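K.L.:
I'd like to go over a predicted model; first the sequence, then the structure.
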Amino acid sequence: MNQCLEQLYQIASQPSRSIIGLMSGTSLDGLDVALCRLEGHGPGTRLTLEHFQTVPYDEDTKQRIREVFARDTVSLEFLTLLNPWLGRLHARAVLACLAEWQIAPAEIDLIASHGQTIYHAPRHQHQRPDFDLNATLQIGDGDHIAVETGIITLSDFRQKHVAAGGEGAPLAAYGDFLLLSSPDEERLLLNLGGIANFTYLPRAGSDATTAFSTDTGPGNTLLDATVRAHRSDLAYDEDGRLALAGRVHPGLLAELLAHPFFAAPLPKTTGPELFGLAYLAAAQQRSATENLFLEDLLATLAEFSAVSVARAVQLAFADRPAPTAVYASGGGAHNPALMQALARHLPGTRFATTDELGVPGDAKEAILFAVLANEAVAGTPVAIGAGRQRVPAVGMGKVSFPG
Ligand SMILES: Nc1ncnc2c1ncn2[C@@H]1O[C@H](COP(=O)(O)OP(=O)(O)OP(=O)(O)O)[C@@H](O)[C@H]1O
Ligand SMILES: CC(=O)N[C@H]1[C@@H]2OC[C@@H](O2)[C@@H](O)[C@@H]1O[C@H](C)C(=O)O
């Protein structure tokens, strides 16, 4: 037998595995590296987060990714070069973290790498009716990570979801269901990243097919892009200070909410391909608000994100009460302007963070990919979300051997 295959077989047979989850999200702030100890699999999965670090991207890396990110037209040569370059960068970030944590690469069983989404094209969003399919593209090739680190790597998790009938996202429901279901309450897990999404979790022990996750629209993406367009010295509106000093413009808000995405049935996904600066500029033009102060613009965008989350919750729970326990994660959970707007639009909700459930919000997405890799090698596919998402039970991730 191929030696790597034998090693993978061993890893799959162990009672627990040491897996590094890697996530680089739409905010392009850096690579999240989560070293997880995962015992068991399926509903019996137990997670210990042993180490977590975000390795920030330097300006050159951000610039390289932005050159292709969510763009309709790119240089194929540049993209071809960027794919292995990013894989190697991620591998080196892992090795640097391991050195800092004083852990030898040989102690790690698997790397689970999400890669960098550079384009997301669900059927409802792409402009090509001649392609009757959903599509999504992540780069940062797994073979390069495996060879550079010497660790078996799983990557490209979203393609199987698309192949099986999904939009390739959000995958959060899989990890959330296995790690965060509670026998005591139904939960909403709200991730406020560049794009916002939530997972509905029924009580633990319920039918897994009733759990699901959906994107709701922009989280921080438009806030960040707007801050950067006006203030070259800022990466984002820290602690929502600028937004909190502004006033919501109702006319602009109405135009921002006019897109059919917000009324479309759940689950659904989106990305900065739709919700970018051009979307904002068009809404400003329609509402004659091109000259709004930055503070008012940000107040309106925070309100926009919050209202779009609330609308998705109303759509999901049109015929029964929504869960009142909401656990937030992602960078937007640190933005008081966003959290205050959410509290106004989801009255009666008890907000907490996933940190209170033992899963640090900033690490949650990197942990998700470690869980998915654990399921891919040791689990039996669970039909999470099948009731609503109509996605068959599938294991996700492609295997790259170092040798
Ligand atoms: N203290 C803070 N105040 C305001 N906003 C903050 C703060 N900390 C983080 N953020 C916001 O969170 C963003 C980063 O969020 P996060 O890392 O969750 O995004 P991501 O994982 O890249 O996104 P996605 O989940 O869409 O892939 C920042 O760009 C910023 O908008
Ligand atoms: C295509 C893609 O990369 N989507 C991301 C993005 O970031 C947040 C939201 O949009 C979510 O749908 C997804 O990531 C998380 C990890 C998910 O799949 O659950």
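P.N.:
Structure received. Note that the coordinates shown come from a computational prediction; the quantities given were computed from them, not determined experimentally. Ligands and ions are numbered 1, 2, ... in the order given.
K.L.:
This protein: helices as residue ranges?
P.N.:
3-13, 59-66, 76-101, 142-149, 158-163, 172-180, 221-230, 241-244, 250-256, 277-286, 294-316, 336-345, 364-378, 386-389 (DSSP state H).
K.L.:
How far off centre is the last one?
P.N.:
Put simply, helix 386-389 sits 19 Å off its chain's centre (CA atoms, centre = their mean, to the nearest Å).
K.L.:
And it, what does it pack against?
P.N.:
Here helix 386-389 touches strand 212-218, going by 3 or more CB pairs under 8 Å, 6 or more residues apart in numbering; DSSP states H and E. Backbone N, C-alpha and C define where each C-beta goes, glycine included.
K.L.:
Could you check which residue of the stretch 251-400 of the chain lies nearest ligand 1?
P.N.:
Proximity of the stretch 251-400 of the chain to ligand 1 (CB to the nearest ligand atom) peaks at residue 331, 1.8 Å away.
K.L.:
Report the separation between that residue and residue 87.
P.N.:
Relative to residue 87, residue 331 is positioned 24 Å away (CB to CB, to the nearest Å).
K.L.:
which of those two has more neighbours?
P.N.:
Just comparing residue 331 and residue 87: by other CB atoms under 10 Å the higher neighbour count belongs to residue 87, 26 against 20.
K.L.:
mind checking pLDDT for that one?
P.N.:
At residue 87 the predicted local distance difference test score is 98.
K.L.:
What distance do you get for it to residue 317?
P.N.:
41 Å.
K.L.:
Now do stretch 259-276, average pLDDT.
P.N.:
The pLDDT scores in stretch 259-276 average 97.
K.L.:
Establish whether it and ligand 2 are in contact.
P.N.:
Yes. Stretch 259-276 reaches ligand 2 (CB under 6 Å from any ligand atom) through 269, 271.
K.L.:
Give me the buried positions along that stretch.
P.N.:
259, 261-262, 266-276 (16 or more other CB atoms under 10 Å).
K.L.:
Straight-line length of that stretch, end to end?
P.N.:
13 Å (CA to CA, to the nearest Å).
K.L.:
chain center to it: distance?
P.N.:
Distance, stretch centre to chain centre, for stretch 259-276: 15 Å (CA atoms, centre = their mean).
K.L.:
number of nearby residues for the nearest residue to residue 307 once chain neighbours are set aside?
P.N.:
Of all residues not flanking residue 307 in the chain, residue 345 sits nearest, at 5.7 Å (CB to CB, 6 or more residues apart in numbering). Neighbouring residues of residue 345 were enumerated by other CB under 10 Å; the total is 18.
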